[in-house]
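Asker: Predicted coordinates and the sequence they were generated for:
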Amino acid sequence: MTTLRFEIEAVCPETGARAGKLHTAHGVVETPVFMPVGTQATVKGLTPRQLLEELDAKIILGNTYHLFLRPGHEVVERLGGLHGFMQWPRAILTDSGGFQVWSLSQLRKLKEEGVLFRSHLNGDAHMFTPESTVDVQLALGSDILMMLDECTDYPAERRAAKKSMDLTVRWAERGMRHYRQRLEERGRGGALFPIVQGSMYGDLRRECAEKLAGLEAEGYAIGGLSVGEPRALSLEMTEVTAPLLPRDRPRYVMGVGMPEELAEYVARGVDMMDCVMPTRNARNGCLFTGAGKLIIKQAQYREDGRPVDEGCGCYTCRTFTRAYLRHLFQAGEMLFSTLATLHNLTHYLDIMRGMREAILLGTFPAFLKKRRALALSQTPSLME
């Protein structure tokens, strides 16, 4: 048996936005939720205590590809699974590694059996199959596992997209059979989510969603986005796909998005999102605020005594000035990455909490209108 249960608390009648609770073996996750990315068993720049006490994060991500290569899933399993290994007491979702393998286009070979790839660390050859990635994730002990899929390049010809989508469906069928067999042997484990593919072809997305829905999984993901396509196209594919997935199961869009995009995905019925944007941008000196992006290295902040964002209550904004953060960034101090990451993730999680509250109160359409107006003032191209 699995330990995942999804409870829908409210649905916006105008948009289909949902507020719910994801019950896991490691606590309840309130949705809609943005999940900080902890690729290698760490959210870069932050300690688990900061994630718990400052951010109150309920769920984070780990990545099967990276943890398989280093330190190895067997090592992690022997040391208490990911939760014990990284001392994280709350929920964990692990990606199957398919996206990372896709990015290694010069180091991989696709077969019906699975994907043969070479490690980016030392060049060693490895094979990922739908069955083996399930086994690796069960060893990691994550609460939510992702099915191995093939991520399609953008742009992709229709024939190639169809071939890739069909392979993803066959892999999902194999992976689900193996997963259920392993679950019977083990007695319990995390929930396995198949991933909808189909590139930017709406009819292929529909076909894939309908076939995967027949697997009766406990949740579903929409993948193959954030691969270079225009943002409006990402939203269009989500809008096509989400309504075809089982209404009573969580829906997860992988690898999105910018702050101004979060409400757009939720308005299309999405419950879960993740993206490296807040953490990666933080380390590179880009801070997200209610007024838009703030590039901290700019000379205008050299003697700026204001916080990064007047409306933010995070530790960074409560305590430090823009001038100090600029100094840390210019000096290459490690503390900058910690303070900037803390702020950016607070900004993201605050947006999600505001959305959830609006859905529960029945005011989401007004919330969405306000977010769209803000997005237009900051990034006009988003809504074009």
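Answerer: Good, I have the coordinates.
Asker: Pull the distance from the host helix or strand of residue 339 to the chain's centre.
Answerer: Element membership of residue 339, judged by DSSP states H and E, is helix 334-361. Between the centre of helix 334-361 and the centre of its chain there are 14 Å (C-alpha atoms, centre = their mean, to the nearest Å).
Asker: Repeat that for stretch 48-61.
Answerer: 15 Å.
Asker: tell me the mean pLDDT for it?
Answerer: Stretch 48-61 carries an average pLDDT of 98.
Asker: What's the end-to-end length of that stretch?
Answerer: 13 Å (C-alpha to C-alpha, to the nearest Å).
Asker: list the buried ones in it?
Answerer: Residues 48, 50, 51, 54, 55, 57, 58, 59, 60, 61 are the ones in stretch 48-61 that count as buried (16 or more other C-beta atoms under 10 Å). For the C-beta atoms, the positions are set from N, CA and C on the backbone; glycine is no exception.
Asker: so which of these comes closest to residue 349?
Answerer: residue 55 (6.0 Å; C-beta to C-beta).
Asker: which residues touch the closest one?
Answerer: 36, 46, 342, 345, 346, 349 (C-beta atoms under 8 Å, 6 or more residues apart in numbering).
Asker: ok so, going back, report the two members of the buried residues of stretch 48-61 separated by the largest distance.
Answerer: Longest span within the buried residues of stretch 48-61, C-beta to C-beta: 54 and 61, 18.3 Å.
Asker: Mind putting the contacts of residue 55 into CSV with distance to residue 13 and neighbour count?
Answerer: Shown next, in CSV, are those (distance: C-beta to C-beta, whole Å; neighbours: other C-beta atoms under 10 Å):
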residue, distance to residue 13, neighbour count
36, 31, 23
46, 38, 23
342, 37, 21
345, 31, 26
346, 31, 22
349, 26, 20
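Asker: Include distance to residue 357 when you put those residues into a markdown table, please.
Answerer: Output for those, formatted as a markdown table (distance: C-beta to C-beta, whole Å):
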| residue | distance to residue 357 |
| --- | --- |
| 36 | 20 |
| 46 | 25 |
| 342 | 22 |
| 345 | 19 |
| 346 | 16 |
| 349 | 13 |
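Asker: ok, so of those residues, who is nearest residue 152?
Answerer: Using C-beta to C-beta, those come closest to residue 152 at residue 36, 26.4 Å.
Asker: Looks like the closest one contacts residue 56 (just checking).
Answerer: No - look at residue 36 against residue 56 with C-beta atoms under 8 Å: they stay out of range, at 11.4 Å.
Asker: distance of residue 247 from residue 239?
Answerer: 15 Å (C-beta to C-beta, to the nearest Å).
Asker: Those two: which has the busier surroundings?
Answerer: residue 239 (18 against 12; other C-beta atoms under 10 Å).
Asker: where does the more buried one land in three-state SS?
Answerer: Under DSSP: H, G, I helix; E, B strand; the rest coil, the three-state class of residue 239 is helix.
Asker: Identify the nearest residue to it in space, disregarding sequence-adjacent positions?
Answerer: residue 268 (4.8 Å; C-beta to C-beta, 6 or more residues apart in numbering).
Asker: dump the residue contacts of that neighbour.
Answerer: 15, 16, 235, 238, 239, 242.
Asker: Over to residue 126?
Answerer: Residue 126 touches 68, 69, 116, 117, 118, 119, counting by C-beta under 8 Å, 6+ apart.
Asker: In terms of helices and strands, where is the closest residue to the third one other than its chain neighbours?
Answerer: With C-beta to C-beta, 6+ apart as the criterion, residue 116 has its nearest non-adjacent residue at 4.5 Å, and that residue is residue 109. For residue 109, the element it lies in under DSSP H and E is strand 108-110.
Asker: And for residue 142?
Answerer: Residue 142 belongs to no helix or strand, assigned by DSSP H and E.
Asker: Would you quantify the distance from the closest residue to it other than its chain neighbours to residue 143?
Answerer: Leaving aside its sequence neighbours, residue 142 sits nearest to residue 94 (C-beta to C-beta, 6+ apart; 4.0 Å). Counting by C-beta to C-beta, the gap from residue 94 to residue 143 is 9 Å.
Asker: Tell me where the chain is predicted with low confidence.
Answerer: 1, 379-384 (pLDDT under 70).
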